[in-house]
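>>> turn this into a structure:
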Amino acid sequence: MEKKQQLLSDIVKGFFCGFLSGVLDRRQPSWRFEQNSKLVKQVIADYFDCFAVYFCNVTFPIILSSNFNNYEEVQLDMSRHHFSDETPVKMLMRYACQSKELYAFMVEIYQKEMIKLLEGNFTGEIDNTDMYYQRAVLESHQLGFNEENKKS
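Presented below is the predicted three-dimensional model:
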């Protein structure tokens, strides 16, 4: 369970980092050099109503892919559960997490990250010490993956 929690934590934190970095890059490209908590708070205020929707749209398929072998397996299992377009998002996210405990953990991480942002705390980096985190590094127009702390 600990490895799944770490993976889920990385997915949630990765979403927050990617989303905010993208919006801040567009609004004020120099934000990485001039930490501005007021700007972070303004972005969160501007996107607050739709933030959860973006989060679910982005993370749902990623979380699903961590728990299933392929798309067909997901489709079959979801049809067995009689999911439809009317299925509440909360139920879909709980399904993606595959347990109430992992869903509660995901919600807890989401809330902690949101509180940091509402306080204006955002560095554009993810605190990570485990093997799951991979991040795209964009510097001098070069895009590459930097795999950190890979364990055998």
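>>> switch to C-alpha atoms for all contacts and neighbour counts from now on
OK.
>>> any idea how far the residue located most distally from the centre of the chain is from residue 73?
Using Cα atoms, centre = their mean, the residue of the chain lying farthest from its centre is residue 80. It sits 27.2 Å away. Residue 80 sits 11 Å away from residue 73, going by Cα to Cα, to the nearest Å.
>>> quick one: average pLDDT of stretch 42-61?
Mean per-residue pLDDT for stretch 42-61: 92.
>>> what comes into contact with it?
11-12, 15, 20, 23-24, 89, 92-93, 96, 117-118 (Cα atoms under 8 Å, 6 or more residues apart in numbering).
>>> for residue 105, give me its contacts.
residue 5.
>>> for residue 20, pull up the helix or strand it's in.
helix 2-27 (DSSP states H and E).
>>> poorly predicted segments of this structure, please.
1, 125-152 (pLDDT under 70).
>>> longest helix of it?
helix 37-67 (DSSP state H).
>>> buried residues in that helix, which are they?
Neighbour counts over helix 37-67 (16 or more other Cα atoms under 10 Å) mark 37, 40-41, 43-44, 51, 56, 59-60, 63-64 as buried.
>>> stretch 88-108 too?
Quick answer for stretch 88-108 (16+ other Cα under 10 Å): 92-97, 102-103, 105-107.
>>> from those, pick the one nearest residue 68.
residue 96 (9.3 Å; Cα to Cα).
>>> what about the closest one, distance to residue 60?
Taken as Cα to Cα, the span from residue 96 to residue 60 is 6 Å.
>>> now swap in residue 92 and tell me
8 Å.
>>> repeat for residue 48
For residue 48, the distance to residue 60 - Cα to Cα - is 19 Å.
>>> same check on residue 53?
From residue 53 to residue 60 the distance is 10 Å (Cα to Cα).
>>> inside helices: which ones of the buried residues of stretch 88-108?
Using DSSP H, the buried residues of stretch 88-108 in helices are 92-97, 102-103, 105-107.
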